[in-house]
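Colleague: The amino acid sequence is not available; the structure is as follows:
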C-alpha cells in the first residue's frame, strides 16, 4: 500500500505525521487482515504503540510522554486511519478522552499516579454509555453512594471502547446525596474489580474492543473523583467535543486511504485498450471524492484552530459539523472506491472492503448524524444546547 500524502491538519507537525505514517505501514498494515478476522488487536502492536510513544502524545515530558499538542494527536489519528481505523480509535480514546481528561481535570496526585502508567503500558478506557443512555448520554442509571472516605458504585455500562485491554477506566456515574444526583467522573484503577464481558461482534473497526461492563458494589476512594462531584456534565461535553474531532480525523484518514487506493488502481487498470482513469465517468468520481476530502479537511482545520483559540461554543459547533461531514464523506468515498475497483474491491482480500465496513460507524458513535444535525441547528438558531 502506497500512501502519498501525510496529515493535512498539522502543517507544523509534518515530520511527526511522517513518522506515524511510516509506523502505520510498517507495524500496523501487516497485521490488519488477521486482526479483522480475529476481532482483536494484536498484543505485539499494543506494545509497539507504547514503545513508539503514540500512546503518550499529549502526556507531559516529566511524566514520560512526548509533551505534544492536541493537533499532533489528531494528525496521528488521521495517519493511522489510512491503514486501520480500528487501531486509530484505540489510540484516539486512550489519548483524547482518558489522557485528555486527566491532563485537564486531574489533581497533581492523580497526574503523578496515572500519567506515567498511561505513558508506559496501561491502556485507558472511557466508560459512559449504558443500554438506556446512548444519545441521551446524561440519563445514566449507574449510581455511586457515599461510603466512608469514598463511594460504592453499582450498575452496568454498554459498549465501552478499549475495555478488554484497559487497565484504567474513567467511568461516569450519578452520585446520590440527599435525594439528589450529581453526574461525576471516577478513575477506576483496578480493572480486575470490574466484570468485563466479551467484546461485541461488530461489522467494522473489529480490532477495537467494545465491551459491556458490570460494576457490583465497587468501592472507589474519594481521591479518585475527577474534577469534583457534579462535574460530569461539563467533562462529558468538553471531552466528547474533542472526541468528535478525533472521529472526524479518523474518517478523513479513512477517506484519504480509500482515495489513494482508488486513484492508483484507476491509473493502472486497463479496459478497452486504455487505463480506466482516462474515462470521463472515472474522472467525475475521483473529482467528487477529492473535493469532499478537501472540504472535510477545511472543517477539521477550523475545529482545531477554534479549540486552540479557546472559543468553546464556536469550537463545539464546528466540531459537530466536522464529525457529521467527515463521516458522511468517508461512507461516500468508501462506496465509490469499491465501484472504481469493481470486483477487486468487493473481495474479502481487499483492504477497501474492510474500509467500507469501517466507515459506517462514523455516522453512529460520538453523536449520531441526526443528533449532530439537531445540535448544529440549535446553535444556528441560537437556542440553548441543553434544550
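Modeller: Thanks, I have it. Owing to the predicted nature of the structure, the values given are computational and were not obtained by experimental measurement.

Colleague: What count of nearby residues applies to the closest residue in space to residue 46 that isn't next to it in sequence?
Modeller: Leaving aside its chain neighbours, residue 46 sits nearest to residue 165 (6.5 Å; criterion: CB to CB, 6 or more residues apart in numbering). Backbone N, C-alpha and C define where each C-beta goes, glycine included. For residue 165, the neighbour count with other CB atoms under 10 Å is 22.

Colleague: is it true that residue 165 touches residue 210?
Modeller: No. With contact defined as CB atoms under 8 Å, residue 165 does not count as touching residue 210 (11.5 Å).

Colleague: Please report the distance of the residue nearest to residue 46 from residue 372.
Modeller: From residue 165 across to residue 372, the span is 28 Å (CB to CB, to the nearest Å).

Colleague: what's the answer for residue 68, then?
Modeller: 28 Å.

Colleague: in its sheet, what does the worst-scoring helix or strand of the chain on mean pLDDT sit against?
Modeller: Ranked by mean pLDDT, DSSP states H and E, the weakest helix or strand in the chain is strand 270-271, scoring a mean of 92. Its sheet considered, strand 270-271 pairs with strand 274-275 (antiparallel) by DSSP bridges.

Colleague: same for the next helix or strand along the chain from the strand it pairs with, what does it pack against?
Modeller: Past strand 274-275, further along toward the C-terminus, the next helix or strand under DSSP states H and E is helix 280-309. Other elements packing on helix 280-309 under the criterion 3 or more CB pairs under 8 Å, 6 or more residues apart in numbering; DSSP states H and E are helix 70-81, helix 232-266, helix 312-341.

Colleague: Please identify the most buried of those helices.
Modeller: helix 70-81 (a mean of 28; mean count of other CB atoms under 10 Å).

Colleague: Turn the helices and strands packed on helix 280-309 into JSON lines, columns for distance to residue 32 and mean pLDDT.
Modeller: Below are the helices and strands packed on helix 280-309 laid out as JSON lines (distance: least, CB to CB, whole Å; pLDDT from 0 to 100):
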{"stretch": "helix 70-81", "distance to residue 32": "11", "mean pLDDT": "98"}
{"stretch": "helix 232-266", "distance to residue 32": "11", "mean pLDDT": "98"}
{"stretch": "helix 312-341", "distance to residue 32": "15", "mean pLDDT": "98"}
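
Colleague: Out of those, which gets nearest to residue 151?
Modeller: Taking CB to CB, helix 232-266 is the member of the helices and strands packed on helix 280-309 nearest to residue 151, at 13.0 Å.

Colleague: helices or strands next to the closest one in the packing?
Modeller: Contacts defined by 3+ CB pairs under 8 Å, 6+ apart place helix 232-266 against helix 70-81, helix 85-92, helix 100-105, strand 166-177, strand 180-188, helix 280-309, helix 312-341, helix 351-359.

Colleague: Give me the contact list for the helix or strand following the third one.
Modeller: It refers to helix 100-105. Next helix or strand after helix 100-105 toward the C-terminus (DSSP H and E): helix 108-120. For helix 108-120, the external contacting residues (CB atoms under 8 Å, 6 or more residues apart in numbering) are 50, 53, 55-56, 59-60, 63-65, 94, 98-99, 102-103, 106, 122, 124, 167-168, 187, 189, 223-224, 226.

Colleague: For whichever helix or strand comes after helix 108-120, which strands pair with it and how are they oriented?
Modeller: Downstream of helix 108-120, the first helix or strand assigned by DSSP H and E is strand 123-127. Sheet pairing here is set by DSSP bridges, and for strand 123-127 it gives strand 166-177 (parallel).

Colleague: So which bits of the strand it pairs with are buried?
Modeller: Buried residues in strand 166-177, counted by 16 or more other CB atoms under 10 Å: 166, 167, 168, 169, 170, 171, 172, 173, 174, 175.

Colleague: CSV for the residues you listed, including distance to residue 214?
Modeller: Formatted as CSV, the buried residues of strand 166-177 follow (distance: CB to CB, whole Å):
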residue, distance to residue 214
166, 15
167, 18
168, 18
169, 13
170, 17
171, 12
172, 15
173, 13
174, 17
175, 19
